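Asker: here is a sequence together with a model predicted from it:
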Amino acid sequence: DAGVIQSPRHEVTEMGQEVTLRCKPISGHDYLFWYRQTMMRGLELLIYFNNNVPIDDSGMPEDRFSAKMPNASFSTLKIQPSEPRDSAVYFCASSLLAGGPEQYFGPGTRLTVT
Amino acid sequence: KNQVEQSPQSLIILEGKNCTLQCNYTVSPFSNLRWYKQDTGRGPVSLTIMTFSENTKSNGRYTATLDADTKQSSLHITASQLSDSASYICVPPQSSQAGTALIFGKGTTLSVSS
């Protein structure tokens, strides 16, 4: 398996623009997680899905952030409009339902909002 | 939410030396405790997952210990190598059902110099 795939790896955009981050989880994994990592706050959970259904979105900072999982092999995290304080590395992770909640992380998307 | 504190925040050691990283948490455990290694520019990768019947668990030169009574864990690295330079993140037991979201410590940044 190729592991969790994220795109793009780097994104630079101007304040006010829409940003869409993409994730392909490991095939067969029932859980998908979106995290944000900054130096100040470390890794923070934004939202997670179970079988494509959002379970907990309490970590989503505000209404500018939205996430979807239209099928088992694809998820998006959208920021509209983006702000400089959204600059961070965004990670997607997936895990199996059975066999323990081990999470496998993608390489991350480094977002810079100028 | 779980509370987790890791120490030291950063550490510099010479190649070949040993070191120990600490993790203290406050929540009553429901699930396992994990340690992740995160290389610069990459996503976290699991090092160990410990259940509460385990006091010690090794993965090569990495040895994790767990004291469930005092809610403390440590990660000991033996005969450090340059490739050990990374951030080491503790994920304490969660107070919710296994298979759901994880809350990560802020990590210890280890630098191994030659």
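Answerer: Looks like it came in fine. Numbering: from 1, shown residues only, chains lettered A, B, ... in the order given.

Asker: dump the helix or strand where A:Arg110 lies to PDB, restricted to CA.
Answerer: Using DSSP states H and E, A:Arg110 falls within strand A:109-113. Output in PDB follows, covering the C-alpha atoms of strand A:109-113 (Å, rounded to 0.1, in the frame of the first residue of the first chain):
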ATOM      1  CA  THR A 109       0.500  19.800   3.400                       C
ATOM      2  CA  ARG A 110       2.400  22.900   4.400                       C
ATOM      3  CA  LEU A 111       0.100  25.800   4.000                       C
ATOM      4  CA  THR A 112       1.300  29.400   3.900                       C
ATOM      5  CA  VAL A 113      -1.200  32.200   3.700                       C
END
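
Asker: what pairs with that strand, parallel or antiparallel?
Answerer: Strand A:109-113 sits in its sheet next to strand A:10-13 (parallel), strand A:88-95 (antiparallel), going by DSSP bridges.

Asker: pick the most buried one from those strands.
Answerer: Comparing the strands paired with strand A:109-113 on average neighbours per residue, with mean count of other Cβ atoms under 10 Å in any protein chain shown, the densest one is strand A:88-95 at a mean of 24. Using the backbone N, CA and C atoms, a C-beta is placed for each residue, glycine as well.

Asker: mind checking the pLDDT average for that strand?
Answerer: For strand A:88-95, mean pLDDT is 95.

Asker: repeat that for stretch B:15-27.
Answerer: Rounded mean pLDDT across stretch B:15-27 is 93.

Asker: end-to-end on it?
Answerer: 35 Å (Cα to Cα, to the nearest Å).

Asker: now swap in stretch B:39-57 and tell me
Answerer: Stretch B:39-57: ends 22 Å apart by Cα to Cα.

Asker: need the three-state assignment for A:Pro61.
Answerer: coil (DSSP: H, G, I helix; E, B strand; the rest coil).

Asker: where does pLDDT dip in the chain?
Answerer: Looking at chain A here, since you left the chain open. A:1, A:97-101 (pLDDT under 70).

Asker: that's the wrong chain, I meant chain B
Answerer: B:1-2, B:28-31, B:93-101.

Asker: where do the strands of it begin and end?
Answerer: Per DSSP state E, chain B carries strands over the ranges B:4-7, B:10-14, B:19-25, B:33-38, B:45-50, B:56-59, B:62-67, B:72-77, B:86-91, B:108-113.

Asker: surely A:Lys68 and A:Val53 touch.
Answerer: No. Taking contacts as Cβ atoms under 8 Å, A:Lys68 lies outside contact range of A:Val53: 11.0 Å.

Asker: the closest residue to A:Cys92 other than its chain neighbours: neighbour count?
Answerer: In space, A:Cys92 comes closest to A:Cys23 once its chain neighbours are excluded; the distance is 3.5 Å by Cβ to Cβ, 6 or more residues apart in numbering or on different chains. Residues lying near A:Cys23 (other Cβ atoms under 10 Å in any protein chain shown) number 25.

Asker: many thanks, I have nothing further to ask.
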